[in-house]
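Engineer: missing the sequence, but the structure's below:
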């Protein structure tokens, strides 16, 4: 954030500290940006980058959230993962609304759980049906029959080529 707006870095640090105080989140660095996710979820709730902050919102509330923060805008209204962007120099002016929106974004993204954990939880919760008895007959693969290829009648060392010639070239 220092490259674009040196005053934005303390605001972002304060935002992260207060967000961690209100919800449980995982913060990951990606290049020079930070991805804030609900703990154990895959969806990014808040994306902090040098140009500002992107906050995930419900698509139906995107315009309402953007209008509540002067200078904020909806990045791509047609994207199913709707994001409201706030430029770095506007963070201090809209701090309280941004913090509340970030907390809502974490709650919104809690529904996107990691697929592996969801599958394990689903498997653990599913009642186990008794297994049927296995059949005692086993199917075996057919035995490979090796075809004896003809050998060279003169040297009897090499197998003949498909053309019928000895590969040695001397016979």
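Structural biologist: It's in. All values reported here derive from a predicted model rather than from experimental measurement. Numbers count the residues shown, from 1 in each chain.
Engineer: CA only for contacts and neighbour counts going forward, please
Structural biologist: OK.
Engineer: Where does pLDDT dip in the chain?
Structural biologist: 1-8, 112-138 (pLDDT under 70).
Engineer: And the residue nearest the centre of this protein?
Structural biologist: Geometric centre of the chain, nearest residue: residue 42, 6.4 Å, by C-alpha atoms, centre = their mean.
Engineer: For residue 163, see how far away the residue of the chain positioned farthest from its centre is.
Structural biologist: Outermost residue of the chain with respect to the C-alpha centroid, by C-alpha atoms, centre = their mean, is residue 154; its distance is 66.4 Å. As for residue 154, its distance to residue 163 is 16 Å (criterion: C-alpha to C-alpha, to the nearest Å).
Engineer: Can you show me the helices along this structure?
Structural biologist: Along the chain, the segments classed as helices by DSSP state H run 8-22, 62-68, 95-109, 115-125.
Engineer: In contact with the nearest residue to residue 166 once chain neighbours are set aside, which residues?
Structural biologist: Nearest residue to residue 166 in three dimensions, chain neighbours excluded: residue 160, at 5.0 Å (C-alpha to C-alpha, 6 or more residues apart in numbering). Residues in contact with residue 160 (C-alpha atoms under 8 Å, 6 or more residues apart in numbering) are 149, 150, 151, 152, 166, 167.
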